[in-house]
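Asks: sequence plus predicted model, see below.
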Amino acid sequence: FRKDNMVELEFKPVDIEDIDRIYKYTSLFGEGSCQHSPVSMYSLYDKYGDSICIQDGFLYTLRNALCDDKYRVYLAPFGDSDLKKAYKCLIDDAHIHGKKIKFYTLTAAQKSFICNEFAGMFDVCETRDLSEYIYAKETFEAFPGKRHARRRTEIRSFWRDYKDRTTIEPLTAEDLDEVLAFTKDWLINNVDTHDVDALKKELKGIKKHIGNYEKLKLTGTLIRIDGNIEAFCYGTGLNDEYYDVLIEKGNRDIPGIYRVLRQESTKLNLNGYKYVNFEEDVGDTGLRKVKESYGPEFMIDKYIVTEK
């Protein structure tokens, strides 16, 4: 690779203090994707190694943990001026490091742009496992229609059995120690049916969320029965229309509690939002079946775009 007239970008790991700076770009240009959430960039640093460079009106993101001897891996650049120039800056940055470039989880619009502007330079692979499920707010708020009849029955049964014993509350900083204790118990009780390494990584991410709950501007919901936490969830806004559900945990010995949690948290946390981003199924067949059964409004398809 020739390095003449190339400028190396200077990347720094995403820090808690970068959240608002990143959001200014991702909220405008991130298309409602959970992969473009500053909260996820921060909390999933061990997985992706996201590092940022803000330069000339663009946010550039290096997925450092995904780089290898052949490829340097990035998200799409976010900004509103010369987008082709921004992509060229990333291509040059990869070449300066003696590597080809790979873009991880581009949206359809981003994939089309780069393939049109840099014709013949890239191979494209659609990644169904990383496609994101987007639901209308009303789906979880009311569970309407024949598709959701069983879920409405489960919710009615829950309230019949637990109405006088149950409270629905916003999740606040004062609840976080209880939430963490409940999470640890939940993980112990679900070791037999879940991947242990995945559970450990999830717990690590939850600890980062809980440790910075207010700084990350998270909002959440608790279900208490007889005063004890039996379910919780929390998430964050991706932009003015999309809300990202980051974590849901509930006591599976209580029938219908997850349906109640989704309905009540939607009522409590999604004022002003239009869509719920329920993230990917990562190829898990059981999870895919469940997420498809809820009837997504649409999917955000994702592509890996690799330099030939």
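Replies: Structure received.
Asks: flag the shaky bits of this protein, pLDDT-wise.
Replies: 1-5, 193-194 (pLDDT under 70).
Asks: OK, contacts around the residue nearest to the spatial centre of it?
Replies: Nearest to the geometric centre of the chain sits residue 34, at 3.3 Å (Cα atoms, centre = their mean). By Cβ atoms under 8 Å, 6 or more residues apart in numbering, the contact set of residue 34 is 40, 132, 238, 244, 277, 279, 280. All C-beta spots, glycine's among them, are computed from the backbone N, C-alpha and C.
Asks: would you check which pair of those lies furthest apart?
Replies: Greatest spacing in the contacts of residue 34, by Cβ to Cβ: 238 and 280 (14.1 Å).
Asks: what about residue 290, how many residues close to it?
Replies: 14 (other Cβ atoms under 10 Å).
Asks: over to residue 216?
Replies: Around residue 216 there are 21 residues (other Cβ under 10 Å).
Asks: contacts for the helix or strand hosting residue 235?
Replies: Here residue 235 sits within strand 228-237, counting by DSSP states H and E. Here strand 228-237 makes contact (Cβ under 8 Å, 6+ apart) with 27, 37, 39, 171, 175, 178-179, 182, 209, 213, 216-224, 243-251, 254, 257-258, 260-262, 265, 269, 273.
Asks: apply 6 Å and report the result again.
Replies: 39, 171, 178-179, 182, 218, 220-223, 243-251, 254, 257, 261, 265 (Cβ atoms under 6 Å, 6 or more residues apart in numbering).
Asks: hmm, which of those are the buried ones?
Replies: Buried members of these, scored by 16 or more other Cβ atoms under 10 Å, are 39, 171, 179, 182, 218, 220-223, 243-251, 254, 257, 261, 265.
Asks: mind checking which of those residues land in helices?
Replies: When DSSP state H is applied, the buried ones among the contacts of strand 228-237 are split such that 39, 179, 182, 257, 261, 265 fall in helices.
Asks: show me the contacts for the first one.
Replies: This means residue 39. With Cβ under 6 Å, 6+ apart, residue 39 has these contacts: 216, 236.
Asks: before we move on, the earlier item: please report how far the residue nearest to the centre of the chain lies from residue 200.
Replies: Applying Cβ to Cβ, to the nearest Å, the value for residue 34 to residue 200 is 21 Å.
Asks: quick check: which element contains the closest residue to residue 203 other than its chain neighbours?
Replies: Distance criterion Cβ to Cβ, 6 or more residues apart in numbering; nearest residue to residue 203, sequence neighbours excluded, is residue 187 at 5.8 Å. When elements are assigned from DSSP H and E, residue 187 belongs to helix 176-189.
Asks: just want the angle from that helix to strand 228-237.
Replies: On the basis of axes from the mean of the first three to the mean of the last three Cα atoms, to 10 degrees, helix 176-189 is oriented at 100 degrees to strand 228-237.
Asks: farthest pair within the ones in helices among the buried ones among the contacts of strand 228-237?
Replies: 39 and 257 (25.0 Å).
Asks: by contact count, what packs against the longest helix along the chain?
Replies: For the chain, the longest helix by residue count, based on DSSP H, is helix 196-211. With contacts taken as 3 or more Cβ pairs under 6 Å, 6 or more residues apart in numbering; DSSP states H and E, helix 196-211 sits against helix 38-43, helix 176-189.
Asks: pick the most deeply packed of these.
Replies: For these, the largest average neighbour count (mean count of other Cβ atoms under 10 Å) is found in helix 38-43, namely a mean of 25.
Asks: after it, next one along is what?
Replies: Beyond helix 38-43 in the direction of the C-terminus, DSSP H and E gives the next helix or strand as helix 45-48.
Asks: alpha carbons of that next one, as CSV, please.
Replies: The C-alpha trace of helix 45-48 is given here as CSV (Å, rounded to 0.1, in the frame of the first residue of the first chain):
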residue,chain,number,x,y,z
TYR,A,45,-15.5,-2.6,25.0
ASP,A,46,-14.1,-6.0,25.9
LYS,A,47,-15.9,-7.5,23.0
TYR,A,48,-15.3,-4.9,20.3
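Asks: quick one: name whatever helix or strand follows it.
Replies: According to DSSP H and E, the helix or strand after helix 45-48 is strand 50-55.
Asks: buried residues, that following strand. List them.
Replies: Across strand 50-55, burial judged by 16+ other Cβ under 10 Å covers 50, 51, 52, 53, 54.
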